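K.L.:
build me a model from this:
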Amino acid sequence: MKLSLTTTQLGSLFAVCAAFLFSTKAIFIKQTYALSPLVDGTVLMALRMASALPFFLLICWLSRHQSKNLSTKDWGLLILAGLIGYYLASWLDFAGLMYISASLERIILFLYPTMTVLASSIIYKQRLSFKSLFAILLSYGGTVIVMLQEQSNVPHQSNFWLGASLVFASAVAFASYLLLTPRLIQKFGSWNFTGLALSIACIGTLTHYLIAIPNPIGLLAQLPSAVIWYGVGLGFMVTVLPTVLLMQSIERLGASQSAMIASIGPILTIILATFFLGEKMNAIQWFGCGLNIVGVMMITLSKKKLAH
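P.N.:
From the prediction side, this is the model:
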């Protein structure tokens, strides 16, 4: 019996697989931090991006024919987008995860669609509808509930608010990246843009590592082999593969539908964190998580209607 999937079904399958793999990121990171005191956000980011760089360079090579008739401004914006979206945002996220749970990290990061809506309304001087304002209130209210509950459970953790602030800054940086991407994708093409932007982010990350770490090569030699393998896993399984799957999904479903499916991400991360990290969320935190997801889905749906 031959299994046959429609374009929509295949696109949905790709989106679900991408959401699952992206959801494992915080789990990989927290488990790696527990392996060695030598590992911090900068070290782990370098391992991740060094593993991913060859694949993104390959994408650049395969789609190089699209890099024609581009201005210096286009290339400048591309470099800025790559550094903001996948270097700065990722580094802030990795650093924040040293101080807060994987579950809270994913809930805070999930606010980025609301940030793009708020920024767009300011940039284009458009008034937000009552529904959008209500959705934003739900999202941020739910996130604050989860944060306050976690903070009360770990009063001895002096760096809790630092971690939460770093992850929130990561969401802001990623939202800024998303505001830059539509025009750049039109100019460069989706595959070419992805390969170039992520290659730039990889190079920025490795440069940061070489400058920030006093003995970068010597440190790598001191790391347990398990840390290296976790870094490789982060590079391929949590960066390259889900990125390719998401691109395939968007080509078949469109960005809005793929984003809707991706909204299962926070729930997946919380479930994985329960099984692999022993994290627990109480009923109030689940309530806050629900408010966050409902609010973000309302924003995503309203953006979809605007797009049509």
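
K.L.:
quick one: the helices in the stretch 151-300 of the chain, in order.
P.N.:
160-188, 190-212, 216-222, 225-235, 241-253, 255-262, 265-276, 283-307 (DSSP state H, counting those that start in this stretch).

K.L.:
got the contact list for stretch 15-26?
P.N.:
Contact partners of stretch 15-26, identified using Cβ atoms under 8 Å, 6 or more residues apart in numbering, comprise 97, 102, 105-106, 234, 237-238, 241-243, 245-246, 249, 253, 257-258, 261-262, 264-266, 268-269, 272-273. Yep, even glycine has a C-beta here, placed from its N, CA and C like the rest.

K.L.:
one more: stretch 134-145?
P.N.:
With Cβ under 8 Å, 6+ apart, stretch 134-145 has contacts from 107-108, 110-111, 114, 117-118, 128, 284-285, 287-296, 298-299, 302.

K.L.:
quick one: the helix or strand of the chain with the lowest mean pLDDT to helix 241-253, angle?
P.N.:
When each helix and strand of the chain is scored by mean pLDDT, DSSP states H and E, helix 255-262 comes last, with a mean of 77. Relative orientation of helix 255-262 and helix 241-253, computed by axes from the mean of the first three to the mean of the last three Cα atoms, to 10 degrees: 130 degrees.

K.L.:
check which helices and strands helix 255-262 sits against.
P.N.:
helix 7-23, helix 241-253, helix 283-307 (3 or more Cβ pairs under 8 Å, 6 or more residues apart in numbering; DSSP states H and E).

K.L.:
and with 10 Å instead?
P.N.:
Contacts defined by 3 or more Cβ pairs under 10 Å, 6 or more residues apart in numbering; DSSP states H and E place helix 255-262 against helix 7-23, helix 160-188, helix 241-253, helix 283-307.

K.L.:
output those helices as CSV; include the columns mean pLDDT.
P.N.:
Shown next, in CSV, are the helices and strands packed on helix 255-262 (pLDDT from 0 to 100):
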stretch, mean pLDDT
helix 7-23, 89
helix 160-188, 91
helix 241-253, 88
helix 283-307, 79
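
K.L.:
same list, the ones you listed, but as JSON lines with mean neighbour count and distance to residue 132 please.
P.N.:
Below are those laid out as JSON lines (neighbours: other Cβ atoms under 10 Å; distance: least, Cβ to Cβ, whole Å):
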{"stretch": "helix 7-23", "mean neighbour count": "18", "distance to residue 132": "24"}
{"stretch": "helix 160-188", "mean neighbour count": "19", "distance to residue 132": "15"}
{"stretch": "helix 241-253", "mean neighbour count": "20", "distance to residue 132": "23"}
{"stretch": "helix 283-307", "mean neighbour count": "18", "distance to residue 132": "6"}
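
K.L.:
among the ones you listed, which comes closest to residue 57?
P.N.:
Across these, the minimum distance to residue 57, taken as Cβ to Cβ, is reached by helix 241-253, at 13.7 Å.

K.L.:
got the helices of the stretch 151-300 of the chain as JSON lines, with distance to residue 7 columns?
P.N.:
As requested, the helices of the stretch 151-300 of the chain are exported to JSON lines (distance: least, Cβ to Cβ, whole Å):
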{"stretch": "helix 160-188", "distance to residue 7": "21"}
{"stretch": "helix 190-212", "distance to residue 7": "17"}
{"stretch": "helix 216-222", "distance to residue 7": "44"}
{"stretch": "helix 225-235", "distance to residue 7": "30"}
{"stretch": "helix 241-253", "distance to residue 7": "5"}
{"stretch": "helix 255-262", "distance to residue 7": "12"}
{"stretch": "helix 265-276", "distance to residue 7": "23"}
{"stretch": "helix 283-307", "distance to residue 7": "18"}
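
K.L.:
done for today, thanks.
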